[in-house]
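**Q** how would this look folded up:
(2 chains)
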Amino acid sequence: QMQLQESGPGLVKPSETLSLMCTVSGGSITSSTFYWAWVRQPPGKELEWIGNIYYGGSTYYNVSLKSRVAISVDTSKNQVSLKMNSVTAADTAVYYCVSGVVIASRPQAFDYWGQGTLVTVSS
Amino acid sequence: DIQMTQSPSTLSASVGDRVTITCRASQYVSDYLAWCQQKPGKAPKLLIYKASTLKSGVPSRFSGSGSGTEFTLTISSLQPDDFATYYCQQYNHYPYVFGQGTRLEIK
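**A** Residues are numbered from 1 along each chain as shown, chains lettered A, B, ... in the order given. This next block holds a predicted model:
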């Protein structure tokens, strides 16, 4: 059973860079069967997709965040990372690492979710 | 961007009731529609994918239907564990979009 665990600073100052890691167990980051994603949820609000990364390294980002976001993988550590620069209070949210399977080159629904990590943007 | 609109936003019901939640997409999403359940302080859990396929291990009282732009999630007989917030999500087009959520509360 795949498990995802987010880690990173819980407090980031405005204008700085948010950096989170997701450690994957029970599955390989290098498998073409899976894709990896980040989703966030501001307190009391709905879920927002941030972006996906696929086998081979191709990425797709939410246009609303695209210029500030980068998702990458570290195959040596079996980890997925999220970096978001120039953060503001509006980026305060619980950030989830998510995964799904790829079937016939088509990403399927988000099947595995990490427990989430709260990141607060404040000076 | 596609917009996903759920109705109702809040639903009050009793144990044993049959309830239906609707999700409408502003554009065609085929059957690339998922439903997930979220409880306070917890991560969402996938219930249904491809609009009507029940994830393994999810109770059979949950069912999904629809295609194109209109979808429904039905719980045939509410159990105490089902009181939570439910989200639909389209994954046919980028950006992936979630509905605003339907909070299912005890009457």
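**Q** lowest confidence element among the helices and strands of chain A?
**A** strand A:106-107 (a mean of 93; mean pLDDT, DSSP states H and E).
**Q** write out the residues of chain B neighbouring chain A.
**A** Taking C-beta under 8 Å from any C-beta of the partner chain as the contact definition, chain B meets chain A at B:1, B:34, B:36, B:42-46, B:49-50, B:55, B:87, B:89, B:91, B:94-101. Where C-beta positions appear, they are placed from N, C-alpha and C, glycine not excepted.
**Q** need the contact list for the most centrally placed residue in chain B.
**A** Closest residue to the average C-alpha location of chain B: B:Trp35 at 3.8 Å, with C-alpha atoms, centre = their mean. Contacts here follow C-beta atoms under 8 Å, 6 or more residues apart in numbering or on different chains; on that basis B:Trp35 touches B:Cys23, B:Leu46, B:Leu47, B:Ile48, B:Phe62, B:Gly64, B:Leu73, B:Tyr86, B:Tyr87, B:Cys88, B:Gln89.
**Q** could you measure from the second one over to B:Tyr87?
**A** Read that as B:Leu46. Counting by C-beta to C-beta, to the nearest Å, the gap from B:Leu46 to B:Tyr87 is 10 Å.
**Q** now do the fifth one
**A** Relative to B:Tyr87, B:Phe62 is positioned 14 Å away (criterion: C-beta to C-beta).
**Q** ok, those two, which is more surrounded?
**A** A direct count of neighbours by other C-beta atoms under 10 Å in any protein chain shown for B:Phe62 and B:Tyr87 places B:Tyr87 higher, at 24 against 18.
**Q** following element in sequence after the host helix or strand of the more buried one, please.
**A** Taking DSSP states H and E as the definition, one finds B:Tyr87 inside strand B:85-90. Heading C-terminal from strand B:85-90, the first helix or strand you meet, by DSSP H and E, is strand B:97-98.
**Q** fine by me, we can end here.
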